[in-house]
Each structure stands twice: as C-alpha cells, then as structure tokens.
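Undergrad: Model the following, please.
(2 chains)
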Number of protein chains: 2
Amino acid sequence: MPRPKTPRLNHDMIVDKALEMVATPAGLTMPGLAKQLNVSVSSVYHYVPSRTHLLELIRNRIAALQLDEVDWDADWRAVLVEWVRAYRLAFAPYPELVALLTAQTITDAKVLDVYDRIAGVIGRAGIATADILSVITVLDNYALGSALDRAAPDVVWSVEGATRPHLSAAVAGTQSGVARADEAFEYGLQILIDGLAARLTARTGDETSTGNR
Amino acid sequence: MPRPKTPRLNHDMIVDKALEMVATPAGLTMPGLAKQLNVSVSSVYHYVPSRTHLLELIRNRIAALQLDEVDWDADWRAVLVEWVRAYRLAFAPYPELVALLTAQTITDAKVLDVYDRIAGVIGRAGIATADILSVITVLDNYALGSALDRAAPDVVWSVEGATRPHLSAAVAGTQSGVARADEAFEYGLQILIDGLAARLTARTGDETSTGNR
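TA: Numbers count the residues shown, from 1 in each chain, chains lettered A, B, ... in the order given. Now for the predicted structure:
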C-alpha cells in the first residue's frame, strides 16, 4: 500500500504558521517562515510571492472572522456595532499585526468586499457620501486601538504608592483586566453610534436627538 | 591641551537611537542598540536596566510632546481635544511602537502625571467617577488607532478595476493621503467630544443636546 502523500503546502498552512510567528521576538520573515514550515524559502515564495502578499492573506483570514459575525440585513446601527466588535476581537490576539497591516494598501478581495458592504450600510443610513470614508476610518481606528487595549496587561497604569489622586480614584472605580477593556470599548462604541445617529437626525429633523455639528 | 571628553552616554542619547531603531527590520533590541551607540551592551544596561525600562523612557519622551501642546487651564473640551490631537501626532511617526507600549504597564512618572491631569479634567467636567477610566481608554484607543492610520499609505483601499460601487464612491468622494486621515480623525474626535458633552447635559438637564444612554 502506498504511503499517504505528505500534504502539499497551501495558503491556510502558511497563514497558520505566519500568525504564530508574528508574536515571536524575531517577528515574521519569509526565511523564518520557511524554516518553521520545514520547506525551502523558494517553496514558500512559490505559494506566496512576497511578504506584502502574505500580509494580505493574513488580512483575509482576519476579515473572515468579521464576516461571519455580522448580520448584514440588520439595522445599520446593529451592523456597525457587530462589525466593530468582531473587528476588534479578530485583531486582539495579534497586536503586533496591527501596525503591519495598517502600513500597506488593502488589496485582498474579501477584505475590500467587507469595506464595500460597510460603505453601503453607512450610505443607506443617510450619511453624506463625502463623510462615508471618514465614518469607516473612525470606526476602523477605534476598533484597532481597542484591539491593542484588549491585549494590554491587567494593570495598565501603575498607581500604587504615588500621589495621583484623580487617576487612582478612576482606576479604583472600575474593573481591571479584560473586563476594563471591554467596558471602555462598549462605552465608546455607544458614543460613536449615537453620534452618527445624531448626525442623521440633525439632517432629517427627528426630535429624539440633536446633532451639535 | 586635553582633548574634550567624549560625551557620556545619557538617557536622551539612548532614546534618540532607540527611536531610530524601532522602525528598522531588525526592530529594537538591547544588543542592537549598543552596537548603534558604539558602546558595550553592559554600558547600555548601566543606564537602562531592561528593555521594559527603555520602552518607558520612550513613552516618557512621547508624553513630553503631548504635555507641551495642551493648555491645561482651558475648557475640558479643549483640553481633551488638544490632548488627543497631540497624542496622535506624537505616535504617528512610530507606528511600530504602539503595540510595544500598549503591551506593558505604564510606570513612567511623567506619563502617569499626564493621565492624572486628564482624569482630573474629565472628573471636573462632570463625568461619573465610575466612567472616568472608560473615557480615558476610549480617547486613548482612538488616538492610537488614528496615529496608525496617519502612517497609512496614500492609497488605503485598492479600488481600481473592480466593482465595489459603495467603497469606490466613498473613496472618490474624499481626499487622499494624510488629508484623508486628518479629516476622518477630526470627524470622529468631534463625535466623541459631543458624545461626552451629551452625557453631561443629560445629567444636568441642559437643553442643547440629548444623551441617548
């Protein structure tokens, strides 16, 4: 009986290993990745032509986590809330990735499709076309900054033994660890969504809320 | 005549060089830093006991940029706006630093003093003590996410040649490059500050704005 063939290298295997390597002190390099995969560097390049391309494959993987979490037919507020929540949680395990991915142009088709859907949702909500990219960017920035905060240590501010009354009271008045990060994230997300709703109702004259802009 | 003595190593020199190294492919390491400074590794450790300590010195340097930009006696809205703007611009040149600094407890005295002042400003504005740390964290996350976005390439979304009507229209409807990032940042910052004001006026009964929470 012939032995089962060794599985060929594929994109999923490469991305799995790359995600493991991102957090290591040496970081993600193509030669390092080849070594971890136990193949030649040229084998890796056969499947992934460049480090830039590899980072887009990683972006694709993380976007898939977002897509599955969002009910795209829901009210625009719910879609944006679910997207930002899923976006943050997808990146939280990989803080080192954030600066790598924001540093390069998004070319992955699936990720661009997510942004196209988000742009459609924001436009249908009633945000002016000239502001749609700003809204996307604001939610994006907030999701990524919050992902980094979710990866922060349990003690963010070392307040013991010094006289910083305002900060000490603030730290004492809240939860610690991931619960602190989650609470703050939801607090800010609510403000952002309320603020977008206020910018709509200011235009349409709804009385439930008043825009200040 | 005696030769002028070679300047002794000091914290400023070490931080200058460390900031140069952060963006290099090899990243920031203590041996690499010693090599760049042309001194022994033990000389660096004499001044900076650990990499963690070095990162706190870097945090201190970046916080100094924030402190100088803020008029601490201004209205709370102005203080928070100036702080978030200065915070973002201080980090924008060093995207690789963001995940390094969010990953460790803040122990630098000057940075903690900045947070103490910010906590005081937020408390005096009328935000409940239990929410002060959330407000700080929300602004922090937004500043850091926006700093990363300011370092993004001119083309963030590659929309040419594909059918993504909503995203393409959004990209076509706005500026590109740093102008795009700056416009989006200010749009979101205004929403956040308005949202905080709404949370105060909802408590005090001011009629200019209605909190939705």
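
Undergrad: Okay, A:Trp157 and chain B: tell me how far apart.
TA: 5 Å (Cβ to the nearest Cβ, to the nearest Å). (C-beta placed from N, C-alpha, C; glycine too.)

Undergrad: Leaving out chain neighbours, which residue sits closest to that residue?
TA: B:Ile106 (5.2 Å; Cβ to Cβ, 6 or more residues apart in numbering or on different chains).

Undergrad: Repeat that for A:Leu167.
TA: That would be B:Asp116: by Cβ to Cβ, 6+ apart, it lies 4.1 Å from A:Leu167.

Undergrad: Give me the distance between the one you found and A:Asp154.
TA: 20 Å (Cβ to Cβ, to the nearest Å).

Undergrad: And A:Leu9, by the same measure?
TA: 39 Å.

Undergrad: between those two, which one's more packed in?
TA: Per other Cβ atoms under 10 Å in any protein chain shown, whichever of A:Leu9 and A:Asp154 has more neighbours is A:Leu9, with 18 against 11.

Undergrad: quick check, that one in a strand?
TA: No: counting by DSSP: H, G, I helix; E, B strand; the rest coil, A:Leu9 is not part of a strand but coil.

Undergrad: which residues touch it?
TA: A:Leu9 makes contact with A:37, A:39, A:43-44, A:46-47, according to Cβ atoms under 8 Å, 6 or more residues apart in numbering or on different chains.

Undergrad: Please identify which pair of the residues you listed lies farthest apart.
TA: A:Leu37 and A:His46 (11.8 Å; Cβ to Cβ).

Undergrad: Who has more neighbours out of the two?
TA: Comparing A:Leu37 with A:His46 by neighbour count (other Cβ under 10 Å), the higher total belongs to A:Leu37, at 19 against 11.

Undergrad: tell me, how many neighbours does A:Ser50 end up with?
TA: Using other Cβ under 10 Å, A:Ser50 has 10 neighbouring residues.

Undergrad: name the helices or strands packed onto the worst-scoring helix or strand of chain A on mean pLDDT?
TA: Taking mean pLDDT, DSSP states H and E as the measure, chain A has helix A:51-69 as its least confident helix or strand, at a mean of 89. If contacts are counted by 3 or more Cβ pairs under 8 Å, 6 or more residues apart in numbering or on different chains; DSSP states H and E, helix A:51-69 sits against helix A:11-22, helix A:30-37, helix A:76-91, helix A:95-102, helix A:109-125.

Undergrad: pLDDT weak spots in chain A?
TA: A:1-7, A:202-213 (pLDDT under 70).

Undergrad: longest helix in it, by residue count?
TA: Secondary structure of chain A per DSSP state H: the longest helix is helix A:177-204.

Undergrad: A:Arg117 - nearest residue in space that isn't next to it in sequence?
TA: A:Trp72 (6.2 Å).

Undergrad: any idea how far the one you found lies from B:Ala99?
TA: Using Cβ to Cβ, we find A:Trp72 at a distance of 30 Å from B:Ala99.

Undergrad: ok, now A:Gly32?
TA: Distance from A:Gly32 to B:Ala99, by Cβ to Cβ: 19 Å.

Undergrad: Can you list the buried residues in the host helix or strand of A:Ile136?
TA: Element membership of A:Ile136, judged by DSSP states H and E, is helix A:129-150. Buried residues in helix A:129-150, counted by 16 or more other Cβ atoms under 10 Å in any protein chain shown: A:131-150.

Undergrad: burial of A:Gly86, as a residue count?
TA: Actually, residue A:86 is Ala rather than Gly. A:Ala86: 19 neighbours (other Cβ under 10 Å).

Undergrad: wait, it sits on A:Ala63?
TA: No: at 9.6 Å, A:Ala86 does not count as touching A:Ala63 under the criterion of Cβ atoms under 8 Å.

Undergrad: ok now stretch A:17-30, how far from the chain's centre?
TA: Centroid displacement of stretch A:17-30 relative to its chain, using Cα atoms, centre = their mean, to the nearest Å, is 18 Å.

Undergrad: Surely A:Ile127 and A:Ala198 touch.
TA: No: in this structure A:Ile127 lies outside contact range of A:Ala198 using Cβ under 8 Å: 11.6 Å.

Undergrad: Compare the two and say which is more crowded by neighbours.
TA: Under the criterion of other Cβ under 10 Å, the comparison of A:Ile127 against A:Ala198 puts A:Ala198 first, with 24 against 21.

Undergrad: That one contacts B:Ala197, correct?
TA: No: distance between A:Ala198 and B:Ala197: 11.3 Å, which falls outside the contact criterion (Cβ under 8 Å).

Undergrad: want to try TSV for the helices and strands packed on helix A:51-69, with distance to A:Arg164 as columns?
TA: As requested, the helices and strands packed on helix A:51-69 are exported to TSV (distance: least, Cβ to Cβ, whole Å):
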stretch	distance to A:Arg164
helix A:11-22	35
helix A:30-37	42
helix A:76-91	29
helix A:95-102	26
helix A:109-125	40
